[in-house]
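Asker: no FASTA, just this:
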């Protein structure tokens with residue numbers, strides 16, 4: 001298998017029959033950002049399930065205004081247009097859903113068990129190999145469309161010096177080359193299942209989503225963390241609230257993480 005295996009729609013479609021993505025995949029050799037392309041397509045009326053995937057991004061987007069470093073042919077860089085009946089504050093559910101879908105696809109294809117860092121990073125041994133960025137188009141407290149951007153370091157073996165300590169790839173973690181087409185197909189199959197469950201029975205699916213996320217994450221409960229929000233604070237994670245936000249017990253009481261970054265910290269020896 002070649003590292004430069006292309007993710008062509010023709011190769012992907014036989015693997016994603018009966019999903020909302022069939023017949024709606026747009027492939028690029030190079031693009032500035034698949035999220036930017038998908039947001040424009042969503043504004044222009046693109047159907048739910050439309051997906052944009054690129055061999056490389058020249059200005060890939062990450063959370064918090066960061067850039068996602070996208071080596072050509074070594075990863076999955078895709079963005080998906082969805083049109084759920086949600087309020088903007090509920091969009092967190094889709095980020096968590098995408099994280100679970102990535103986790104399950106990687107485990108199914110490679111046998112390796114990853115870790116979910118709230119709200120949507122996917123890690124191996126506390127190093128990030130997948131980032132998820134959800135962007136919204138809203139109007140009058142309702143969502144017109146959502147774009148879920150997913151970047152996965154699949155077969156990458158080297159990173160810029162500033163990322164070496166915090167980034168990894170599936171290949172680095174498993175020691176094997178992984179088919180990007182097969183991984184993307186497994187991801188879309190998982191995401192299709194989760195999304196259809198959510199749209200058919202939102203209340204039940206929400207409970208299941210929070211349970212599945214918590215089962216796949218070492219961060220949700222009993223983790224000593226630092227939260228990069230409201231000046232920063234430390235505490236012990238205490239699970240998710242009814243909206244999916246992370247609860248953290250601090251010396252000054254219980255706090256709820258709304259949008260801050262979370263990282264584990266090592267307890268100081270006394």
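Answerer: Yep, that arrived. Just so it is clear, the structure is predicted and the values come from calculations on it, not from any experiment. Numbers count the residues shown, from 1 in each chain.

Asker: Which stretches in the stretch 101-250 of the chain count as helices?
Answerer: Under the criterion DSSP state H, counting those that start in this stretch, the stretch 101-250 of the chain carries helices at the ranges 170-174, 180-200, 202-215.

Asker: mind checking which of the ones you listed is nearest residue 111?
Answerer: Between residue 111 and these, the shortest separation by CB to CB is 8.0 Å, and it involves helix 170-174. (Each C-beta comes from the backbone N, C-alpha and C, glycine too.)

Asker: Tell me how many other residues crowd residue 134.
Answerer: Residue 134: 24 surrounding residues under other CB atoms under 10 Å.

Asker: again with residue 214
Answerer: When neighbours are counted by other CB under 10 Å, residue 214 registers 16.

Asker: pretty sure it contacts residue 222?
Answerer: No. Residue 214 lies out of contact with residue 222 (CB atoms under 8 Å); the separation is 11.2 Å.

Asker: follow-up on the earlier one: any chance of the helices of the stretch 101-250 of the chain in a markdown table with distance to residue 148 as columns?
Answerer: A markdown table is the format used below for these (distance: least, CB to CB, whole Å):
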| stretch | distance to residue 148 |
| --- | --- |
| helix 170-174 | 20 |
| helix 180-200 | 8 |
| helix 202-215 | 14 |
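
Asker: mind checking which of those helices is nearest residue 27?
Answerer: Closest of the helices of the stretch 101-250 of the chain to residue 27 is helix 180-200, at 10.9 Å (criterion: CB to CB).

Asker: Give the buried residues for the closest one.
Answerer: The neighbour-count check on helix 180-200 (16 or more other CB atoms under 10 Å) flags 180-192, 194-195, 197-198 as buried.

Asker: cool, and stretch 23-32?
Answerer: Using 16+ other CB under 10 Å as the test for burial, stretch 23-32 gives 24, 25, 26, 27, 28, 31.

Asker: Kindly report the same for stretch 249-259.
Answerer: By 16+ other CB under 10 Å, the buried positions in stretch 249-259 come out as 255, 257.
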